[in-house]
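>>> Here is my input; please provide its structure:
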Amino acid sequence: MRRLIIKICGMREADNIKRVEQLAPDWMGFICWEGSRRHVIETPAYLPEHCRRVGVFVNPELQYVACQTERLGLQLIQLHGEETPDFCRRIRETLSQNGRDVEVIKTFSIAADAPFPDTEAYAPVCDYFLFDTQCAGKGGSGRSFNWTTLRHYHGHRPFLLSGGIGPDDVERLARFDHPCWAGIDINSRFECSPGLKDVESLRTFMEELRKQTRV
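Below you'll find the predicted structure:
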């Protein structure tokens, strides 16, 4: 059975980052967008050393991404807005010129009453896709979408499943299957408050998920 990536997003507080890192997530996300309640305004006094750091951006300027990549030591760039395939390509090229080899994740919002997003043009310039619930904001809504919709995804890029995944979703995740499913992205349903994760809730969830899916 494949090993699923566990990404914990919306991190901000140094002590909380340390405690969550001890649970051995694969990736940890830092939101670099001022429209989010989890926006990382100041550099945390501690940044994770044993998992990959993901910066989450919404329609950013290239220079802003470059600055945040240096500031936070980012290894993956997640684009959560209306960024074009050309912008995704330029992100990789610009950061590579700065000595930063990063991977690019493009987020697509899923809505029940809309056609499945066209991902084909992004496949050559992205390393991962992330499928999230369409909402008024840009993620962190705590709302799920109908995962069976992903049967319409016939691409080959691996993807992360996001959107309202919570403590009670272990069995649902254990039943889910797709040849390109690479992992999960979790955030608001494991919070005590925006940007502060409930470590014990995460611990219980991750232990049970790893037991049932062998991740």
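
>>> okay, the nearest residue to residue 146 once chain neighbours are set aside: pLDDT?
Spatially, and ignoring its direct neighbours in sequence, residue 146 is nearest to residue 112 (6.3 Å; CB to CB, 6 or more residues apart in numbering). All C-beta atoms are positioned from the backbone trio N, CA, C, and that covers glycine. The model reports residue 112 with a pLDDT of 78.

>>> Going forward, the N-terminal residue is numbered 896.
All right, first residue 896 from here; so that's residue 1007.

>>> Okay, residue 1007 and residue 1058: tell me how far apart.
According to CB to CB, to the nearest Å, residue 1007 and residue 1058 sit 12 Å apart.

>>> Need the overlap of contacts for those two.
Residues touching both residue 1007 and residue 1058 (CB atoms under 8 Å, 6 or more residues apart in numbering) are residue 1040.

>>> tell me the phi and psi of the residue lying farthest from the centre of the chain?
Distance to the chain centre peaks in the chain at residue 992, reaching 24.5 Å (criterion: CA atoms, centre = their mean). Phi and psi for residue 992, reported as degrees, to the nearest 10, are phi -60, psi -30.

>>> and if you look at residue 1077?
phi -110, psi -20.

>>> Look up the closest residue to it, ignoring the ones flanking it.
If the residues on either side of it in the chain are set aside, residue 1077 comes closest to residue 1053, at 3.6 Å by CB to CB, 6+ apart.

>>> and if you look at residue 990?
Of all residues not flanking residue 990 in the chain, residue 997 sits nearest, at 5.1 Å (CB to CB, 6+ apart).

>>> ok, now residue 1045?
Residue 1045's closest residue in space is residue 1073 (CB to CB, 6+ apart), at 5.7 Å.

>>> Next one: the one you found relative to residue 1044, how far apart?
Residue 1073 is 11 Å from residue 1044, by CB to CB.

>>> and what of residue 911?
Distance from residue 911 to residue 1044, by CB to CB: 33 Å.

>>> Tell me which of those two has more neighbours.
Ranked by neighbour count (other CB atoms under 10 Å), residue 911 and residue 1044 place residue 911 first, with 19 against 14.

>>> wait, is the more buried one part of a helix?
Yes. Under DSSP: H, G, I helix; E, B strand; the rest coil, residue 911 falls within a helix.

>>> Now do the same for it: its pLDDT.
On the pLDDT scale, residue 911 gets 98.

>>> cool, residue 1031 as well?
56.

>>> again, but for residue 980
98.

>>> how many neighbours does the residue nearest to residue 1094 when sequence neighbours are not counted have?
Counting by CB to CB, 6+ apart, residue 914 is the residue found nearest to residue 1094 once chain neighbours are left out, at 4.7 Å. Look at residue 914: counted by other CB under 10 Å, it has 15 neighbours.
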